[in-house]
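**Q** next input, structure requested:
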Amino acid sequence: MREIAKTFSRLKTRNEGALIAYVTAGDPDPVYTPRIVEALIEGGADIIELGIPFSDPIADGPTIQAATLRALKAGTTPKKVFKIVEEVRNESDVPIVILTYYNPIFRMGLRRFFESAEASGVDGVIVPDLPVEEAYEYKEAAEAYGIDTIFLAAPSTSTERLRKILKYISGFLYLVSIFGVTGARDRLQDLTIKLIKKTLPITCRRVPLAVGFGISKPEHIKAIMRNGADAAIVGSRFVKIIERKRDKIEEMLKALHEYAYLLKEATIKKT
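**A** Numbers count the residues shown, from 1 in each chain. Next comes the predicted model:
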């Protein structure tokens with residue numbers, strides 16, 4: 001059993017959902033990312049999602065786009081991100097997922113990308129702009145290196161296409177809870193709950209269901225957990241903390257730790 005599956009299995013025995021915390025690697029500087037990840041893990045994050053900064057992040061809203069720009073200006077490259085993963089892995093066995101657009105993978109080459117991912121300790125990869133119809137070679141390469149392939153399903157994803165995605169997926173299904181791009185929202189949309197309820201009978205619990213995009217508050221997490229989600233993916237809220245406090249590193253780390261703790265508490269399911 002791979003590390004992501006072990007994490008979900010362990011949390012299930014404790015009647016907990018997973019908190020998946022996203023940050024853009026290299027924001028505000030690559031040297032700080034391992035400490036940021038450490039703060040999130042100590043706060044309770046069960047899985048870390050690290051974004052490889054890319055110049056055209058089409059799925060991301062203004063908050064993560066700004067983080068991407070800061071990371072690129074700081075000289076963050078895919079190679080540096082793998083070094084960051086390696087550094088984190090030396091201190092923690094919490095699963096690490098990489099989010100990247102396909103262009104950096106194409107430029108490195110599939111084999112070289114997954115060799116680097118495995119060597120550094122990556123457990124899974126998300127590629128938002130890779131259609132499942134074009135993912136055969138990608139899936140083969142990922143499997144060869146024991147890395148989970150995590151695909152996204154959106155509100156517009158048909159039942160037929162979702163079943164196709166399920167043939168390729170491992171780790172968890174990333175359910176995009178809203179139309180549009182990433183970004184913290186004040187209120188959880190009714191669409192999100194309807195989407196969870198629509199998706200669960202199709203997945204038949206074959207993979208854990210992780211809900212992201214717009215999830216930013218404890219009450220959001222409690223609601224999606226009550227309705228069957230296995231994990232909450234929170235990104236923009238953490239990235240916003242980094243943005244606001246990027247010149248006060250110790251304050252930033254404390255704030256990240258505290259907010260991760262608050263969100264993790266919300267994943268504990270009441271019996």
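**Q** how near is the spatially closest residue to residue 92 that is not a sequence neighbour to residue 166?
**A** Nearest non-adjacent residue to residue 92, counting by Cβ to Cβ, 6 or more residues apart in numbering: residue 41, 5.6 Å away. The C-beta positions use only the backbone N, C-alpha and C, and glycine is treated the same way. Going from residue 41 to residue 166 by Cβ to Cβ, to the nearest Å gives 29 Å.
**Q** who's more crowded, these two?
**A** Neighbour count, other Cβ atoms under 10 Å: between residue 41 and residue 166, residue 41 has more, with 20 against 17.
**Q** list the buried residues of whichever strand or helix holds the more buried one.
**A** Element membership of residue 41 [criterion: DSSP states H and E] is helix 33-43. Of all the residues in helix 33-43, those buried under the rule 16 or more other Cβ atoms under 10 Å are 33-41, 43.
**Q** could you pull up phi and psi at the nearest residue to residue 32 once chain neighbours are set aside?
**A** In this structure, residue 32 finds its nearest non-sequential neighbour in residue 249, 6.3 Å apart by Cβ to Cβ, 6+ apart. Taking degrees, to the nearest 10, you get phi -60, psi -50 for the backbone angles of residue 249.
**Q** swap in residue 95?
**A** When read as degrees, to the nearest 10, the backbone of residue 95 gives phi -60, psi 140.
**Q** residues near it, how many?
**A** The local packing of residue 95 (other Cβ under 10 Å) involves 24 other residues.
**Q** quick one: low-confidence residue ranges for the stretch 101-250 of the chain.
**A** Where the stretch 101-250 of the chain drops to pLDDT under 70, the residues are 178-187, 189.
**Q** quick check: which element contains residue 28?
**A** Counting by DSSP H and E, there is no helix or strand that carries residue 28.
**Q** now swap in residue 86 and tell me
**A** Secondary structure from DSSP H and E places residue 86 in helix 78-89.
**Q** equivalent analysis for residue 48, please.
**A** Using DSSP H and E, residue 48 sits within strand 47-51.
**Q** can you map out the helices along the stretch 151-271 of the chain?
**A** Along the stretch 151-271 of the chain, counting by DSSP state H, counting those that start in this stretch, helices occupy 159-168, 190-203, 218-226, 236-244, 249-266.
**Q** same for the longest strand that the chain contains, what does it pack against?
**A** Taking DSSP state E as the criterion, the chain has its longest strand at strand 18-24. Helices and strands touching strand 18-24, by 3 or more Cβ pairs under 8 Å, 6 or more residues apart in numbering; DSSP states H and E, are helix 3-13, helix 33-43, strand 47-51, helix 62-73, strand 209-212, strand 231-234, helix 236-244, helix 249-266.
**Q** can we see that at 6 Å?
**A** Under the contact criterion of 3 or more Cβ pairs under 6 Å, 6 or more residues apart in numbering; DSSP states H and E, strand 18-24 touches strand 47-51, helix 62-73, strand 231-234.
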